[in-house]
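A.B. asks: A structural model of the following input is requested.
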Amino acid sequence: MRYYLIRGLVWASSRLPLRVSQALGGAIGSLLYWIPNPLRRDARDNLARCLPELAPARRRRILRRSLIETGKAALEAGYLWSLTPARARALLVGLEGREAVDAAVAAGRGVIIAAPHLGSWEMAGQIGGLEWGIWNLYRPLRIPRLEPLLQAGRTRLGGRLVRADVGGVKQLLTVLRHGEVVGILPDQDPGPGHGVMAPFFGVPANTMHLLPRLVRRTGAAVFIAWCERLPRARGYHVRIRPLPPAVADPDPVIAATALNRAVEDCVRALPEQYQWSYRRFKGDGRTQG
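C.D. replies: Residues are numbered from 1 along each chain as shown. The predicted structure follows:
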């Protein structure tokens, strides 16, 4: 049933105007704010952990907006997976920081772009494919029958997908050494034995050591990026910033701490569009929720 429901939603959203898909998604997200559910619970708990300095009313406003944006992200995916190059460029209002990426590519240097769960990461992946033929690391879906749909959508504009396994990591090393561009989600829990504990908003979180290892082994230029979803379906604005040298520190905790701090800075710039419902702290040995 989940397979057919998701396929149906993707098919329907691919045929609706973006403003309609986002409006429907926003309405669903608003319902999630008012009705008790796991997404609201986890987002509320994460906000309390990560932004305790904010007044409760401010955190509630961020919670509501975050769930609305989460709904938009779910309903806009089909539309974004059906984009033509011309339409994608028309929706791209700004691409700040591309000059540094272009310079690294022109010099034959590999590039890693860390894109957290902030704004429209699906659109960020499409723009990365369109501009640089980006190789995106991804985890296999829990519903294997949806893999062809995901593959077709995320590679439509030139992006390429690499599974997050041993073979995929070897492939990333190869493409980086050939001067290509790789995309990684830096704020996922990498699972037991695949990360180090480092503070994220002051809370210990299991943090990937893959990205720092790739930088050290290939000398890649490394950036962080997020794609802001503009109101009323006016388009998207991508911002790219260089990551600090400390993300390549041989001490894994120092590297992970620098990576998390960079993600924090991006999230603080746009907290309403962060996916606070993601169970970021499930690897810290405590029960979340």
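A.B. asks: and the end-to-end length of stretch 243-263?
C.D. replies: Between the opening and closing residues of stretch 243-263 lies a distance of 10 Å (CA to CA, to the nearest Å).
A.B. asks: and for residue 125, the neighbour number?
C.D. replies: Residue 125 is surrounded by 26 other residues when neighbours are defined as other CB atoms under 10 Å. The way it works is simple: take the backbone N, C-alpha and C, and place the C-beta from them, glycine included.
A.B. asks: doesn't it lie inside a strand?
C.D. replies: No: residue assignment for residue 125, taken from DSSP: H, G, I helix; E, B strand; the rest coil, gives helix, which places it outside any strand.
A.B. asks: how close does it get to residue 281?
C.D. replies: In this structure, residue 125 and residue 281 are 25 Å apart, going by CB to CB, to the nearest Å.
A.B. asks: quick check: mean pLDDT across stretch 218-233?
C.D. replies: Mean pLDDT, computed over stretch 218-233, is 97.
A.B. asks: for it, which positions count as buried?
C.D. replies: Of the residues in stretch 218-233, those buried by neighbour count under the rule 16 or more other CB atoms under 10 Å are 218, 220, 221, 222, 223, 224, 225, 226, 227, 228, 229, 233.
A.B. asks: off-centre distance for that stretch?
C.D. replies: Between the centre of stretch 218-233 and the centre of its chain there are 9 Å (CA atoms, centre = their mean, to the nearest Å).
A.B. asks: check stretch 58-73 too.
C.D. replies: Using CA atoms, centre = their mean, the distance from the centre of stretch 58-73 to the centre of the chain it belongs to is 16 Å.
A.B. asks: low-confidence stretches in the protein?
C.D. replies: Within the chain, the ranges that satisfy pLDDT under 70 run 283-289.
A.B. asks: surely residue 83 is in a strand?
C.D. replies: No: counting by three-state DSSP, residue 83 falls outside a strand, being coil.
A.B. asks: what are the phi and psi values for it?
C.D. replies: Summarising the backbone geometry of residue 83 under the convention degrees, to the nearest 10, its torsions are phi -70, psi 150.
A.B. asks: hmm, back to that, just the buried residues of stretch 218-233: which are in strands?
C.D. replies: Among the buried residues of stretch 218-233, the subset assigned to strands under DSSP state E consists of 221, 222, 223, 224, 225, 226, 227, 228, 229.
A.B. asks: and the helix ranked longest in the chain, what does it pack onto?
C.D. replies: Residue-count comparison of every helix in the chain, with assignments taken from DSSP state H, identifies helix 56-80 as the longest. Using 3 or more CB pairs under 8 Å, 6 or more residues apart in numbering; DSSP states H and E as the contact test, the elements touching helix 56-80 are helix 2-15, helix 18-34, helix 38-50, helix 121-132, helix 147-154, strand 221-229.
A.B. asks: now do the helix or strand following that helix: distance to the chain's middle.
C.D. replies: Going down the chain from helix 56-80, the next helix or strand is helix 85-91, by DSSP states H and E. If you compare the mean C-alpha spot of helix 85-91 with that of the full chain, they lie 20 Å apart, counting by CA atoms, centre = their mean.
A.B. asks: helix 85-91: which residues count as buried?
C.D. replies: For helix 85-91, burial by neighbour count (16+ other CB under 10 Å) applies to 88, 91.
A.B. asks: okay, that helix in PDB with CA atoms only?
C.D. replies: C-alpha atoms of helix 85-91 as PDB (Å, rounded to 0.1, in the frame of the first residue of the first chain):
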ATOM      1  CA  PRO A  85      16.700  21.900 -17.900                       C
ATOM      2  CA  ALA A  86      15.000  25.100 -19.100                       C
ATOM      3  CA  ARG A  87      12.300  24.900 -16.400                       C
ATOM      4  CA  ALA A  88      15.000  24.200 -13.700                       C
ATOM      5  CA  ARG A  89      17.000  27.300 -14.700                       C
ATOM      6  CA  ALA A  90      13.800  29.400 -14.700                       C
ATOM      7  CA  LEU A  91      13.100  28.300 -11.100                       C
END
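A.B. asks: now tell me what touches it from outside.
C.D. replies: For helix 85-91, the external contacting residues (CB atoms under 8 Å, 6 or more residues apart in numbering) are 18, 83, 123, 126, 127, 130, 157, 235, 236.
A.B. asks: thanks a lot, see you next time.
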